[in-house]
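1. just a sequence and a predicted model for now, questions to come.
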Amino acid sequence: MNTPVRASELEGRAWLNTGGERLDLQALRGKIVILDFWSFCCINCLHVLDELRPLEEKYADVLVTVGVHSPKFEHEADPDALAAAVDRYEITHPVLDDPRLSTWDVYTARAWPTLVVVDPEGYIVAHLSGEGHVQGLESLVSELVAEHDAKGTLHRGDGPYVPRPQPEGDLRFPGKVVALPDGSFMVSDTGHHRLVHLEEDLTTVRRAIGSGTKGWADGPRDAARFNEPQGIAVLPERVRADVGYDLVVADTVNHRLRGVELGTGAVRTLAGNGVQRLLDDARARGVDPNEIPHDASATSVALSSPWDVTWSDAADTLVVAMAGTHQLFSFDPRTGALAVLAGTGDEGLRDGSAPESWFAQPSGLAQDAHGVVWVADSESSALRRVRFGEDGSTSVESAVGLGLFDFGFRDGPADQARFQHCLGVCVLPDGSVAVADTYNGAVRRFDPATGEVSTLTRGLAEPSDVLLDTSHDEPVLVVVETNAHRLVRVAVPKQAQTVDEGAASMQRKRTPVAPGELELTVRFSAPTGQKLDTRWGDPTQLKVSSSPEDALVQGDGTAQGLTRSLRIADGVTEGVLHITARAAACDGSPDGEIPEHAACHLYQQDWGIPFTVDPQAPAGLTLDLRGTD
């Protein structure tokens, strides 16, 4: 029997959503506590926020979620930026601001998101990585309620959450904007869960599309519902005539694409079934997750947090930034055909042919005059481009950016320049590319002709999109200033600034490992009521790589099983291990068998583990990808 481990105290800079009160575990004694280690840049963390909401409502009198905000990017350590994110994502539980990762380190978190469950007596009963654990958590919470009710250690009643004052105005955390044919603008009013049609002055509201109530409903303008919509694309006139609607909207949290008819404001669902796409759901069924059946209805296909959409003339289709699976999709409004355009679903930065490329939460799209689609790849702080060959091939290249943990605010040659979590992109008349460099509060420019990056303007409050306004004689940009809840115009200066505030890398504690042989073990236990799905062979898988690429001389690659013998190359003193673990489990019958049509669940986590080689360190590395027992 394992010895119970007492939960460590919660240390950080400040608390939000508590009315100014500081909390400690003693104050939470008698409650079931879920510590949610998150960062507001992370799409998987945002998924978990939504997964936990029904659980928090069901067990409101006995369960307290504490969000431990553990920043990845420098900007996320800004307390005002965190407060805005808490408001933007409508978080209704206490949040600990942990900018130095003190509590993160004490709880040995290694990935965003990580969930730790603490029982009413203050002992850790589960430590989970990744998303998709809510069913197991519900079973665990139910068992803990019964156990501690019987022991008399469960305290029912209100939790410590105190709502924050909310901003007022026509817009609330707007996300993306497009120009309409008549010179007006349509903006995704993300925090109000609707679209807002603005006049040319960017402030006068012509009308809203959507009721403003979070949810999903098609129908007339005032009755339709969205859930944190983001990107909007205006279809070419020839396509609009065929399909009967004018706009396509990335309805992000609904995991759907929606169509909007400008004349009436009527809304319809075009693609997505409302279920978040998990790539390994398909793998568990023995199906290639990147193959969408040609005869599948678009509204029967699961999507994952579509964040932006743009029309591609070269591909003659819509391109969709599928942030949740780190891919680009295509969607043809005329036929309803959906397909994976680029990206394997692995998170990272890898160039090459589209089917083999990696993205990291792509969030902004724009097409240039040559048919190249530019991509703001937010989690790698990178500007990418997708080229369509005359032979039908598609390739991906990185213009600026190095990888998941490299960022900064530096102009100059592209190979030295740095962005910080960029979300938007547009093409300027001279062929250069403007980038909404969100966490640097700036609009930057990349010039493909010279390979140079410069700064057009700065001092903005999380700009999330940028659009060329063609109604002026001189180039003017419309910028969505998300945290200021407004749109602003910015003239493109004839002489851009050159800024160098340095490059940075996300610094986490390095894990000491022995030189040479290293045994990797990922622990997984199927949640209560589930069992590993062995109907198509081993339902577990490890994918391992390293930075630098030659740090491993044995054990890299993808193979079944959750153990692997690695060998670190001679002379390597430090690096990063990139590990993806997957396991499939299905609901079992009382006799332990898996029924033919059982519900199946996929568990996956990606780790980037900085390591240092130490002869005194253990020759093993153990990670947890756990269900809840």
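-> Received, thanks. Numbering: from 1, shown residues only.
2. so what pLDDT did residue 494 get?
-> Note on residue 494: pLDDT of 85.
3. burial count for it?
-> When counting by other C-beta atoms under 10 Å, one arrives at 7 neighbours for residue 494. The way it works is simple: take the backbone N, C-alpha and C, and place the C-beta from them, glycine included.
4. what do you get for residue 264?
-> Neighbour count for residue 264, taken as other C-beta under 10 Å: 11.
5. roughly how far does residue 49 sit from residue 612?
-> The gap separating residue 49 from residue 612 is 33 Å, by C-beta to C-beta, to the nearest Å.
6. likewise for residue 498?
-> Using C-beta to C-beta, residue 498 is found at 36 Å from residue 612.
7. and residue 504, by the same measure?
-> Summarising the geometry, the distance separating residue 504 from residue 612, computed by C-beta to C-beta, is 19 Å.
8. more neighbours: the two, which one.
-> A side-by-side neighbour count of residue 504 and residue 612, using other C-beta under 10 Å, places residue 504 first with 17 against 14.
9. flag every buried residue along the helix or strand that contains the more buried one.
-> Per DSSP states H and E: residue 504 is located in strand 500-505. Neighbour counts over strand 500-505 (16 or more other C-beta atoms under 10 Å) mark residue 504 as buried.
10. for that strand, name the packing helices and strands.
-> Using 3 or more C-beta pairs under 8 Å, 6 or more residues apart in numbering; DSSP states H and E as the contact criterion, the neighbours of strand 500-505 among helices and strands are strand 406-410.
11. which residues sit against stretch 538-549?
-> Residues from elsewhere that reach stretch 538-549 (C-beta atoms under 8 Å, 6 or more residues apart in numbering): 283-284, 346, 403, 520, 522, 524, 532-533, 552, 555-564, 566, 572, 575-585.
12. mind checking how far the residue nearest to residue 416 when sequence neighbours are not counted is from residue 498?
-> Residue nearest to residue 416 in three dimensions, not counting chain neighbours: residue 410, with 6.4 Å by C-beta to C-beta, 6 or more residues apart in numbering. From residue 410 across to residue 498, the span is 10 Å (C-beta to C-beta).
13. rewinding a little: and the contacts of stretch 538-549, which of them are buried?
-> Among the contacts of stretch 538-549, the ones that count as buried by 16+ other C-beta under 10 Å are 283-284, 346, 403, 520, 522, 524, 532-533, 552, 555-556, 562, 564, 566, 572, 575-585.
14. for this structure, which segments count as helices?
-> Read by DSSP state H, the chain holds these helices, from start to end of the chain: 43-58, 79-88, 102-106, 134-151, 237-243, 279-284.
15. who wins for proximity to residue 292 among the ones you listed?
-> Distances from residue 292 to each of these were compared using C-beta to C-beta; the shortest belongs to helix 279-284, at 9.5 Å.
16. how about low-confidence regions in this protein?
-> Low-confidence segments of the chain, defined by pLDDT under 70, are located at 1-3, 279-289, 505-508, 589-592, 597, 626-629.
17. isn't residue 479 up against residue 463?
-> Yes. When contacts are counted by C-beta atoms under 8 Å, residue 479 is listed as touching residue 463 (5.0 Å).
18. more crowded one of those two?
-> residue 463 (29 against 26).
19. which residues does the closest residue to that one other than its chain neighbours form beta bridges with?
-> On the basis of C-beta to C-beta, 6+ apart, the spatially nearest residue to residue 463 that is not a chain neighbour turns out to be residue 436, at 4.4 Å. Beta-bridge pairing of residue 436, defined through DSSP bridges, involves residue 424, residue 443.
20. what's the local residue count around residue 436?
-> So residue 436, with other C-beta under 10 Å, has 31 neighbours.
21. of all the helices of the chain, which lies closest to residue 122?
-> Closest approach to residue 122 among the helices of the chain (C-beta to C-beta): helix 134-151, 11.5 Å.
22. which strands or helices does the closest one pack on?
-> When contacts are defined as 3+ C-beta pairs under 8 Å, 6+ apart, helix 134-151 packs onto strand 32-38, helix 43-58, strand 114-118, strand 123-129.
23. hey, C-alpha coordinates of it in CSV?
-> Coordinates of each C-alpha in helix 134-151 appear next as CSV, following Å, rounded to 0.1, in the frame of the first residue of the first chain:
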residue,chain,number,x,y,z
VAL,A,134,-12.8,14.6,-16.6
GLN,A,135,-14.7,11.2,-16.6
GLY,A,136,-12.1,9.7,-14.4
LEU,A,137,-12.1,12.7,-12.1
GLU,A,138,-15.9,12.5,-11.8
SER,A,139,-15.6,8.9,-10.6
LEU,A,140,-12.8,9.9,-8.2
VAL,A,141,-14.7,12.9,-6.7
SER,A,142,-17.8,10.7,-6.3
GLU,A,143,-15.8,8.1,-4.4
LEU,A,144,-14.1,10.8,-2.2
VAL,A,145,-17.5,12.4,-1.4
ALA,A,146,-18.9,9.0,-0.2
GLU,A,147,-15.7,8.1,1.8
HIS,A,148,-15.3,11.4,3.6
ASP,A,149,-19.0,11.9,4.2
ALA,A,150,-18.9,8.6,6.1
LYS,A,151,-15.8,9.7,8.0
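24. related to what we said a few turns ago, mind checking which of the contacts of stretch 538-549 are in strands?
-> When strands are assigned by DSSP state E, the members of the contacts of stretch 538-549 inside them are 520, 522, 532, 552, 557-560, 563-564, 566, 575-585.
25. got the contact list for the nearest residue to residue 550 once chain neighbours are set aside?
-> Of all residues not flanking residue 550 in the chain, residue 569 sits nearest, at 6.0 Å (C-beta to C-beta, 6+ apart). Residues in contact with residue 569 (C-beta under 8 Å, 6+ apart) are 550-553.
26. which among those count as buried?
-> 551-552.
27. need the contacts of residue 569 in TSV (columns: distance to residue 222).
-> Formatted as TSV, the entries for the contacts of residue 569 read as follows, by distance: C-beta to C-beta, whole Å:
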residue	distance to residue 222
550	60
551	58
552	58
553	63
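28. out of the contacts of residue 569, give me the two with the largest separation.
-> Taking C-beta to C-beta, the two most distant members of the contacts of residue 569 are 551 and 553; they sit 8.4 Å apart.
29. shared neighbours of those two, which are they?
-> Shared contacts of residue 551 and residue 553 (C-beta under 8 Å, 6+ apart): 568-569.
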